[in-house]
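> Would you be able to build a 3D model of this:
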Amino acid sequence: MSPRPDLREHAGIYLRGLAMGACDIIPGVSGGTIALITGIYERLIGAIGSINLASIKHLVRGDFASLCSDLEKIDIPFLVVLLAGIATAFLLMSGVILTLLTEHTVATYSFFLGLIIASAVAIFLEIRSPNVVTVAYLVVGAVAGYLIGSLGQFDLGHSLPIIFLTGMVALCAMILPGISGAYITLVLNQYEFMLAALRAFSLPEIVAYIAGGVTGLLLFTKALKYLLATYHAAMLALLTGLMLGSSRTLWETGSAAGDMVADGWVFFLVGLVVVGAFEYAKRRYQAGLA
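The predicted structure is shown next:
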């Protein structure tokens with residue numbers, strides 16, 4: 001007797017969630033890219049975009065008819081299974097990444113740097129007709145990213161409000177193909193701390209990060225979709241610049257532990273190849289849809 005179709009579908013969604021989570025925890029590789037390659041990106045955005053903040057008002061007022069109507073518009077089984085896969089990957093990989101950062105610092109940061117540079121180039125190549133305006137946005141983004149990168153030199157602390165705000169920004173980035181939420185977490189100096197929190201299953205920090213992420217998704221998903229649809233080239237150029245400029249954080253952190261050039265160039269190249277492979281797979285997928 002063959003498995004039920006919905007069970008096979010849920011298993012496939014769970015596996016996609018595992019792949020997304022594994023990529024989302026690595027700075028420079030976007031879980032949004034995996035969602036796009038595996039054919040669930042539009043379903044994911046549609047499910048998130050269908051979440052209505054008015055549902056909270058309906059719940060408080062006891063208007064369960066309206067609440068049920070709101071919930072019917074959301075692809076709840078899909079989101080639950082996908083998030084379960086992502087959470088599983090986070091818990092499994094956090095210890096591995098933390099060990100690499102501690103015991104193989106130069107190699108790991110060199111690899112991350114390769115991921116970031118290749119991702120930035122891949123994003124900029126999405127701009128069909130670059131012009132003076134897009135280049136200007138690229139420069140502005142690079143300058144802003146360079147200045148943001150200096151945040152890592154300051155002690156922002158790891159208070160729950162800071163973690164909440166980090167989650168708010170990072171999880172919004174995770175749903176964009178090519179933009180790494182883990183990298184945002186790294187720039188804001190919370191990356192290793194959150195990996196340790198995941199490894200120790202420290203609920204206050206994990207809940208604060210997730211709560212910030214959910215808040216960010218509910219507040220900004222529609223705005224992000226609008227900006228990317230209306231100012232596509234400018235947004236891509238700005239994001240590219242931000243990634244390139246803020247990559248100073250990776251270089252400075254890795255250099256503090258050793259020689260990034262002599263000991264890290266092989267891992268840097270591996271990072272370039274990994275993103276190149278993802279981009280090749282994504283373009284093959286998009287070409288198949290054309």
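> which helix of this structure spans the most residues?
In the chain, assigned by DSSP state H, the helix with the most residues is helix 260-289.
> Just the buried positions in it, please.
Residues of helix 260-289 classed as buried: Met260, Asp263, Gly264, Phe267, Phe268, Gly271, Leu272, Val274, Val275, Phe278, Glu279, Lys282 (neighbour count, 16 or more other Cβ atoms under 10 Å). Using the backbone N, CA and C atoms, a C-beta is placed for each residue, glycine as well.
> right, and the helix or strand after the host helix or strand of Ile116?
Counting by DSSP states H and E, the element that carries Ile116 is helix 105-124. Following helix 105-124 in sequence order, the next helix or strand is helix 132-149 (DSSP H and E).
> which parts of the following helix or strand past that following helix are buried?
Per DSSP H and E, the first helix or strand lying C-terminal to helix 132-149 is helix 160-174. For helix 160-174, the neighbour count (16+ other Cβ under 10 Å) marks 162-174 as buried.
> same check, this time on stretch 112-129
Judged by neighbour count (16+ other Cβ under 10 Å), stretch 112-129 contains these buried residues: 112-124, 127.
> again with stretch 202-210
For stretch 202-210, by 16+ other Cβ under 10 Å, it's Glu205, Ile206, Ala208, Tyr209, Ile210.
> helix or strand for the first one, which one?
By that I understand Glu205. Per DSSP H and E: helix 203-230 holds Glu205.
> how about the nearest residue to the residue nearest the centre of the chain, chain neighbours excluded?
Centroid check for the chain by Cα atoms, centre = their mean gives Met174 as the closest residue, at 2.4 Å. Counting by Cβ to Cβ, 6 or more residues apart in numbering, Met174 lies nearest to Gly181, which is 3.5 Å off, once chain neighbours are set aside.
> Tell me how far the one you found lies from Arg61.
Using Cβ to Cβ, to the nearest Å, Gly181 is found at 34 Å from Arg61.
> again with Asn131
51 Å.
> buried sites along the helix or strand hosting Met194?
Met194 belongs to helix 191-200 when assigned by DSSP H and E. Residues of helix 191-200 classed as buried by neighbour count (16+ other Cβ under 10 Å): Tyr191, Phe193, Met194, Leu195, Ala196, Ala197, Leu198, Arg199.
> For it, give me every contacting residue.
By Cβ atoms under 8 Å, 6 or more residues apart in numbering, the residues outside helix 191-200 that reach it are 25, 27, 90-91, 94-95, 97-98, 101, 158, 163, 166, 182, 185, 202, 205-206, 209.
> and if we set it to 10 Å?
25, 27, 87, 90-99, 101-102, 112, 152, 157-158, 162-163, 166-167, 170, 182-186, 188, 190, 202-206, 208-209, 249, 253 (Cβ atoms under 10 Å, 6 or more residues apart in numbering).
> what sits against Met243?
Residues 28, 116-117, 119-121, 123-124, 141-142, 145, 178-180, 183-184, 187 are the ones in contact with Met243 under the rule Cβ under 10 Å, 6+ apart.
> next SSE after the host helix or strand of Leu239?
Using DSSP H and E, Leu239 falls within helix 232-246. For helix 232-246, the following helix or strand on the C-terminal side (DSSP H and E) is helix 248-255.
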